[in-house]
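Q: sequence-free structure coming up:
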């Protein structure tokens, strides 16, 4: 076969592909037009449905009254339940008491919750438990009624006094993060167990506060707030506690 014949055939085989390439922009425009028409039709249907709905409600206005009444009843019922729960929580918090045996029996996470609840009983409404991985030495944080920021690290011992003692390293962790990281005015470590003498000395030197088993027992089983049981806590940020 001669070179001219091969070139002629190659040219004829390439022509359809060229025609297909020229048709693509038109097909794309057609699809775009189809989409636009579809959107316009859908919008028109939506407007028609909305208009029909408004006209129906205007003709049946009593339906709006019934719906509004039901919404008010449901909303009022939920608000009443919320207020009742808040009242119950306030009453429960005022009468909250724990014995040391109860504290000993708690899981460490429940021990942190109990400390949080005791702070709420004392009037720290924003008290929260933040213990867990990555808590940076703060298991419970709260602001007391005098505006002081409390950061508490909890050390629960299942065996109470027979458990391992809280030592200086535990207090060093609290000392390193309570003020610098959490902005504490009062940094406290709370335990239902023992605290070593060097740890107590370190706490005094670093203006940390230790709630040992004895102090915890007085606090948990009574009604006095924690700041009345600790010595030389920082002065209030506000002159008086809110009522």
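A: Yes, it's here. Remember, it's a predicted structure, so these values are computed and weren't measured experimentally. Residues are numbered from 1 along each chain as shown.

Q: all helices in the chain, in order from the N-terminus.
A: For the chain, the helices defined by DSSP state H occupy 3-59, 62-94, 100-105, 108-121, 168-177, 197-205, 213-221.

Q: and the angle for the fifth one with helix 197-205?
A: Right, the one you point to is helix 168-177. 20 degrees (axes from the mean of the first three to the mean of the last three Cα atoms, to 10 degrees).

Q: what's the answer for the fourth one, then?
A: Taking the same axes, to 10 degrees, one finds helix 108-121 and helix 197-205 inclined to each other by 40 degrees.

Q: Check the last one too.
A: In terms of direction (the same axes, to 10 degrees), helix 213-221 departs from helix 197-205 by 60 degrees.

Q: pLDDT on helix 213-221, on average?
A: Here helix 213-221 scores 95 as its mean pLDDT.

Q: out of the helices of the chain, which comes closest to residue 188?
A: When the helices of the chain are compared by Cβ to Cβ, helix 168-177 sits nearest residue 188, at 8.1 Å. Any C-beta I mention is one placed from the backbone N, CA and C, and that applies to glycine too.

Q: and that closest one, how far from the chain's centre?
A: Chain-centre distance of helix 168-177: 26 Å, with Cα atoms, centre = their mean, to the nearest Å.

Q: can you list the residues that contact it?
A: The list of residues contacting helix 168-177 from outside it, by Cβ atoms under 8 Å, 6 or more residues apart in numbering, reads 136-138, 151, 153, 155, 187, 189, 196, 198-199, 202-203, 206, 208, 210.

Q: What about those, which are in strands?
A: Using DSSP state E, 151, 153, 155, 187, 189, 210 are the members of the contacts of helix 168-177 that sit in strands.

Q: follow-up on the earlier one: buried deepest among the helices of the chain, which one?
A: Between the helices of the chain, the one whose residues have the most neighbours on average, counting mean count of other Cβ atoms under 10 Å, is helix 108-121 (a mean of 20).

Q: tell me what that helix is packed against?
A: In terms of contacts (3 or more Cβ pairs under 8 Å, 6 or more residues apart in numbering; DSSP states H and E), helix 108-121 is packed against helix 62-94, strand 128-129, strand 140-143, strand 149-155, helix 213-221.

Q: got these as JSON lines, with distance to residue 118 columns?
A: Formatted as JSON lines, these follow (distance: least, Cβ to Cβ, whole Å):
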{"stretch": "helix 62-94", "distance to residue 118": "9"}
{"stretch": "strand 128-129", "distance to residue 118": "12"}
{"stretch": "strand 140-143", "distance to residue 118": "9"}
{"stretch": "strand 149-155", "distance to residue 118": "10"}
{"stretch": "helix 213-221", "distance to residue 118": "6"}
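
Q: circling back to that earlier point, tell me which of the helices of the chain sits nearest to residue 161.
A: Distance to residue 161, taken as Cβ to Cβ, is lowest for helix 213-221 among these, at 6.2 Å.

Q: Quick one: residues in contact with that closest one.
A: By Cβ under 8 Å, 6+ apart, helix 213-221 touches 97-100, 103, 114, 118, 160-161, 190-194, 211, 224, 226, 229-230.

Q: Buried only: go through those residues for me.
A: Among these, those buried by neighbour count (16 or more other Cβ atoms under 10 Å) are 98, 100, 103, 114, 118, 160, 190-194, 211, 226.

Q: low pLDDT regions in this structure?
A: Scanning the chain for pLDDT under 70 picks out 1-25, 83-95, 131-135, 239-243.

Q: Let's see that with 50 instead.
A: 7, 10-12, 18, 88, 91, 241-243 (pLDDT under 50).

Q: Give me the domain ranges for it.
A: Domain assignment for the chain by automatic domain parsing gives 3-89, 97-228.
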